[in-house]
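1. Take this sequence and fold it.
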Amino acid sequence: MKKFLELLKWTAPLILVCCSFTLTGQATQLSNFYGNSQNGGDICVSSENISPDGEVEKLVTLILQKFGVRSRYLVVPCDRTENCQAIVDDRGTAYILYNPNFLSRVRGLSFTNSSLPQYEQDWATLTILAHELGHHLNLHLTNPDPSLTNVELELEADETAGHILYKLGATLKESQRAMYSSSVPVNGSSTHPPRAQRLAAIEKGWRDAEREFPRTLPVEQPEPMNQDERVSNKYLQFDMVKVRGGTFTMGCTGEQGSDCYDWEKPAHQVTVSEFYIGRYEVTQREWRQVIGSDPPGLRFKGCDNCPVEGVSWEDIQQFLSKLNAMTGKTYRLPTEAEWEYAARGGALSRGYKYSGSNSLDAVAWHDGNSGDKTRPVGQKQANELGLYDMNGNVWEWCQDWYGPYAAGAQTNPKGPSRAANRIIRGGSWNSGARYCRNTYRNISNPPSFRSFNLGFRLVL
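-> Sure, this is the predicted structure:
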């Protein structure tokens, strides 16, 4: 991985070459992804079934451009490799070989010169390619480290693949998808590590890249429409975090132990689309900047950076209507599914009981540490997405009416069309640990209800 990072700083301006001719020469060093078996001999034998095509060459170029690196490899069609393969010949020339079937999967990725990929399709294909590029970027084949075993070299390539895939926009789950192929033995082989080690290596590279290049979106202040709005809207900015869509198990999952209530069951599969959510709960200052005064139910006045509380679901609809008119954007409350997905860490989830930790004290102000009051937002540890106070400080309104969970899989659920109560989530400064869990549902609050421990955060 160190060699990879060093290589990103400088590379020779070599040109990517599309080869459609018969490739000769002997393979003195090679590295196979599972399913790619070639033990020396001729590097590749041309086939009439392989026609010249620039799609893989274009893809490799685009990937390397993400890192400011020009290609150091010849990219060649080859019918003797099953997927994609990194290799060098006896003259030290580096190649990326690819099979026609692999080529057809690459075509399905729908990438362009400006973005890669356009759609979430077959990240397993890119994982294979990123792994093989990892061998070259780490100089495994042209300048191998004699102190590393073959297994260690494979893990280093997987780590680099995770880094590459993060920068291409893949979630951790998408980055690891190829490792679940039937061609990847669970227990590894004499030259390749077992699946669990490979998954961990991809995760390490992916998370290293995440720390270096966090996926966040500060929402900039638009130009006010008139002088009155210029006064109230001057400092109105919300730090919004991008949450990539994905599928997760919602409700009472194993890490919750015996703390679950019946209305948190059954656990069920939910898919949510991409959205942006506030890094922090909406504060007293932000409420005044939009509404012009404190809410009537506010108890802990005079703390600008404390979460606003004493607001009903109906009060918040007025806030959103005015905020959207002021900014020209479409802010709203999170659905209950979006809230839980974000609290769990989205695609970055590490399966914690609370939002960002198995220690409630680390991430939340609750009845055991709050001093019986709200606290300024963002003082505790963030969760995997960089969100603060998802547990504790104040309960947070969701968009949904309350309804019992269905057992079947759902996509972007929004609750029943009408019911008596709206959902609130996350616990508060005067809540016990059982009520601050990621899966706990507070289900008994009509939309007109106000309380000194109840606030909200925004979704965009």
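
2. Go ahead and confirm Leu172 touches Gly345.
-> No. Counting by CB atoms under 8 Å, Gly345 is not a contact partner of Leu172; they are 9.9 Å apart. Just so you know, the C-beta spots here come from the backbone N, C-alpha and C atoms, and that holds for glycine as well.

3. Arg177 and Trp123 touch, don't they?
-> Yes. Between Arg177 and Trp123 there is a contact at 5.4 Å, judged by CB under 8 Å.

4. what about those two, which has more around it?
-> Each of Arg177 and Trp123 has its neighbours counted (other CB atoms under 10 Å); Trp123 has more, 22 against 19.

5. per-residue confidence at Thr271?
-> Listed pLDDT for Thr271 reads 95.

6. bridging residues for it?
-> With DSSP bridges as the criterion, Thr271 is bridged to Thr247, Thr411.

7. now the stretch 301-450 of the chain, which segments are flagged as low pLDDT?
-> Within the stretch 301-450 of the chain, no stretch has pLDDT under 70.

8. can you map out the helices along it?
-> 313-327, 336-343, 360-363 (DSSP state H, counting those that start in this stretch).

9. and the ones you listed, which is most packed in?
-> helix 336-343 (a mean of 26; mean count of other CB atoms under 10 Å).

10. and it, how far from the chain's centre?
-> Centroid separation for helix 336-343 versus its chain: 14 Å, with CA atoms, centre = their mean, to the nearest Å.

11. and what of stretch 348-367?
-> With CA atoms, centre = their mean, you get 18 Å for stretch 348-367.

12. mind saving the C-alpha coords of it as CSV?
-> The C-alpha trace of stretch 348-367 is given here as CSV (Å, rounded to 0.1, in the frame of the first residue of the first chain):
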residue,chain,number,x,y,z
LEU,A,348,-20.2,1.9,6.4
SER,A,349,-22.0,0.2,9.3
ARG,A,350,-19.9,-1.8,11.8
GLY,A,351,-23.0,-3.3,13.5
TYR,A,352,-23.0,-1.2,16.7
LYS,A,353,-25.8,-1.3,19.2
TYR,A,354,-25.8,2.5,19.3
SER,A,355,-25.0,5.0,16.6
GLY,A,356,-21.2,4.7,16.2
SER,A,357,-20.3,2.6,19.3
ASN,A,358,-21.3,-0.1,21.6
SER,A,359,-20.7,2.4,24.4
LEU,A,360,-23.6,4.8,24.8
ASP,A,361,-21.4,7.3,26.8
ALA,A,362,-19.1,7.6,23.8
VAL,A,363,-21.8,8.8,21.4
ALA,A,364,-24.8,10.2,23.4
TRP,A,365,-26.0,12.6,26.1
HIS,A,366,-28.5,10.5,28.1
ASP,A,367,-29.9,10.3,31.6
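
13. List the buried residues in it.
-> 348-349, 352-357, 360, 363-367 (16 or more other CB atoms under 10 Å).

14. Next, the contact list for Phe456, please.
-> By CB atoms under 8 Å, 6 or more residues apart in numbering, the residues touching Phe456 are Glu281, Val282, Val308, Val311, Ile316, Leu333, Glu396, Trp397.

15. Out of those residues, flag the one nearest to Lys58.
-> Leu333 (42.7 Å; CB to CB).

16. My guess is the closest one contacts Ile316. True?
-> Yes. The pair Leu333 and Ile316 passes the contact test of CB under 8 Å, sitting 6.5 Å apart.

17. Spit out the residues that contact the two alike.
-> Trp397, Phe456.

18. The residue lying closest to Gly346 once chain neighbours are set aside: neighbouring residues, count only.
-> Spatial nearest neighbour of Gly346, excluding adjacent residues (CB to CB, 6 or more residues apart in numbering): Val243 at 4.8 Å. By other CB under 10 Å, the residues close to Val243 number 24.

19. Equivalent analysis for Ala409, please.
-> Ala409, neighbours per other CB under 10 Å, totals 11.

20. Quick check: nearest residue in space to it, chain neighbours excluded?
-> Gln269 is the one closest to Ala409 (CB to CB, 6+ apart), at 4.1 Å.

21. Check Thr191 too.
-> Asn150 (4.4 Å).

22. In contact with the one you found, which residues?
-> Going by CB under 8 Å, 6+ apart, Asn150 touches Ser190, Thr191, His192.

23. Also Gly310?
-> Per CB under 8 Å, 6+ apart, neighbours of Gly310: Pro295, Pro296, Gly297, Leu298, Arg299, Arg450, Ser451, Phe452, Leu454.

24. mind putting the contacts of Phe456 in a markdown table, distance to Ala201 included?
-> Below are these laid out as a markdown table (distance: CB to CB, whole Å):
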| residue | distance to Ala201 |
| --- | --- |
| Glu281 | 37 |
| Val282 | 40 |
| Val308 | 44 |
| Val311 | 46 |
| Ile316 | 44 |
| Leu333 | 39 |
| Glu396 | 36 |
| Trp397 | 41 |
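
25. Just the ones of these in strands?
-> Counting by DSSP state E, these place Glu396, Trp397 in strands.

26. Can you tell me which of the contacts of Phe456 is closest to Pro214?
-> Nearest to Pro214 among those, with distances taken as CB to CB, is Glu281, at 19.8 Å.

27. for the residue nearest to that closest one when sequence neighbours are not counted, what are its contacts?
-> Take Glu281 and drop its neighbours on the chain: the residue closest to it by CB to CB, 6+ apart is Pro307, 3.9 Å away. Shown in contact with Pro307 (CB under 8 Å, 6+ apart): Tyr280, Glu281, Val282, Thr283, Gln284, Thr374, Val377, Asp389, Asn393, Val394, Gly455.

28. cool, Leu199 as well?
-> Gln176, Met179 are the contacts of Leu199 under CB under 8 Å, 6+ apart.

29. tell me how far the one helix or strand it maps to is from the chain's mean position?
-> Assigned by DSSP states H and E, Leu199 falls within helix 195-212. In terms of CA atoms, centre = their mean, the centre of helix 195-212 is found 13 Å from the chain centre.

30. quick one: buried residues of it?
-> 195, 197-199, 201-210.

31. Buried residues, stretch 377-389. List them.
-> For stretch 377-389, burial by neighbour count (16+ other CB under 10 Å) applies to Val377, Gly378, Lys380, Ala382, Asn383, Glu384, Leu385, Gly386, Leu387, Tyr388, Asp389.

32. Kindly report the same for stretch 434-443.
-> Counting neighbours by 16+ other CB under 10 Å, stretch 434-443 gives Tyr435, Cys436, Arg437, Asn438, Thr439, Tyr440, Arg441, Asn442, Ile443 as buried.
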